[in-house]
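*Asks:* from the sequence below, what's the structure:
(one chain, ligands or ions: 1)
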Amino acid sequence: MKKKILVIEDNEQNLYLIRYILEKNGYEVAAATDGMAGIETAAAVRPDLILLDIQLPVMDGYTVARRLREDPRTAPIPIVAVTSYAMAGDREKALASGCTGYIEKPIDPETFLAQVEAHLPPVGGGDA
Ligand code: MN
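*Replies:* Here you go, the predicted structure:
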């Protein structure tokens, strides 16, 4: 079964690039382009992993991460922040909000997949 990744990203070019890389490598991709839609889609789709932009319309990524952690349906899903914020403080803020990891923009197509897969739960778990 294909693993599902939810991408919450408002920038069309980034979303296009992320979707391209993931689909090319056999992942199923769901997308949302604002924070609130991201939360709703996460609860509906139950993805294996969430890639979360921090600068988002309607609700920023820090708030999105906190809300996802508060909801028992989405609490166990790994969340990887994908953001252009390069400051160490922002990385800490993302992790404090409940993100499990952090990928810096601009996205490097050579290393992006490995960075994502480092945060995916291992294949062959109990009910796989
Ligand atoms: Mn953005």
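*Asks:* all helices for this structure, in order.
*Replies:* Chain-ordered helices for the chain, with DSSP state H as the definition, fall at 12-24, 35-45, 61-70, 88-96, 112-117.
*Asks:* show me the residue at the heart of the protein, geometrically.
*Replies:* The centroid of the chain falls nearest to Leu51 when counting by Cα atoms, centre = their mean (1.2 Å).
*Asks:* Ile18 versus that residue, what's the distance?
*Replies:* The gap separating Leu51 from Ile18 is 6 Å, by Cβ to Cβ, to the nearest Å. (Each C-beta comes from the backbone N, C-alpha and C, glycine too.)
*Asks:* joint contacts of these two?
*Replies:* Here Leu51 and Ile18 share the contacting residues Val7, Glu9, Val82, scored by Cβ atoms under 8 Å, 6 or more residues apart in numbering.
*Asks:* tabulate those residues (CSV), appending distance to the ion and neighbour count.
*Replies:* Rendered in CSV, the data for those read as follows (distance: Cβ to the ion, whole Å; neighbours: other Cβ atoms under 10 Å):
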residue, distance to the ion, neighbour count
Val7, 11, 23
Glu9, 6, 26
Val82, 9, 26
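*Asks:* might you enumerate the residues of this protein proximal to the ion?
*Replies:* Taking Cβ under 5 Å from the ion, the part of the chain that reaches the ion is made up of Asp10, Asp53, Gln55.
*Asks:* packing partners of the least confident helix or strand in the chain by mean pLDDT?
*Replies:* Across the helices and strands of the chain, the lowest-confidence element by mean pLDDT, DSSP states H and E is helix 88-96, at a mean of 85. With contacts taken as 3 or more Cβ pairs under 8 Å, 6 or more residues apart in numbering; DSSP states H and E, helix 88-96 sits against helix 61-70, strand 79-83, strand 101-104.
*Asks:* for the closest residue to Leu56 other than its chain neighbours, give me its contacts.
*Replies:* Nearest non-adjacent residue to Leu56, counting by Cβ to Cβ, 6 or more residues apart in numbering: Gly35, 4.5 Å away. Gly35 makes contact with Ile8, Leu56, Pro57, Val58, Met59, Asp60, Gly61, Thr63, Val64, according to Cβ under 8 Å, 6+ apart.
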